[in-house]
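J.: how would this look folded up:
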Amino acid sequence: MEEVTNLISTADPPLKYLVLDAEAIPDIDTTAADTLKDIHQVLREKGITLGIARANRRLRETMQLTGLEELIGVSNFYPSVRTAVEAFREASLAGK
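T.: Predicted coordinates for the structure are as follows:
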């Protein structure tokens with residue numbers, strides 16, 4: 001959490017989007033789910049959209065069960081980092 005807070009406070013220009021590359025995350029437990037909820041809340045309060053890229057099926061299922069998928073938004077899950085970056089770039093150009 002501290003790393004995310006530091007990233008937010010030192011980013012220049014300020015962040016609008018943050019993509020988590022979840023390829024190396026096989027699954028999460030309740031502590032990790034709570035931490036992701038906290039990170040999402042901090043980002044949302046700062047007007048930053050969280051995206052999740054390359055989440056495997058098991059991770060997605062856990063995120064569904066814990067409510068993270070709904071909280072983050074299904075539309076903010078991407079099959080690759082590239083598609084996440086492209087989507088956020090388009091949204092930024094569109095003023096979203």
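J.: what does the biggest helix by length in the chain contact?
T.: Longest helix in the chain, counting residues (DSSP state H): helix 30-45. With CB atoms under 8 Å, 6 or more residues apart in numbering as the contact definition, helix 30-45 has outside contacts at 1, 4-5, 8, 18, 28, 49-50, 62-63, 66-68, 71-72. Where C-beta positions appear, they are placed from N, C-alpha and C, glycine not excepted.
J.: Mind doing that once more with 10 Å?
T.: 1, 3-5, 8, 15, 17-18, 20, 22, 25, 28-29, 48-50, 52, 62-63, 65-68, 71-73, 76 (CB atoms under 10 Å, 6 or more residues apart in numbering).
J.: Filter those residues down to the buried ones.
T.: Neighbour-count burial (16 or more other CB atoms under 10 Å) applied to these gives 4, 8, 15, 17-18, 20, 22, 25, 28, 48-50, 52, 62-63, 66, 68, 71-72, 76.
J.: Of those, which belong to strands?
T.: 17-18, 20, 49-50, 52 (DSSP state E).
J.: Show me which helix or strand of this protein is least confident by mean pLDDT.
T.: Using mean pLDDT, DSSP states H and E, the weakest-scoring helix or strand in the chain turns out to be helix 2-10, at a mean of 91.
J.: Please work out which residues outside that helix touch it.
T.: With CB under 10 Å, 6+ apart as the test, helix 2-10 has contacts from 14-15, 18, 20, 35, 38-39, 42-43, 45-46, 48, 50.
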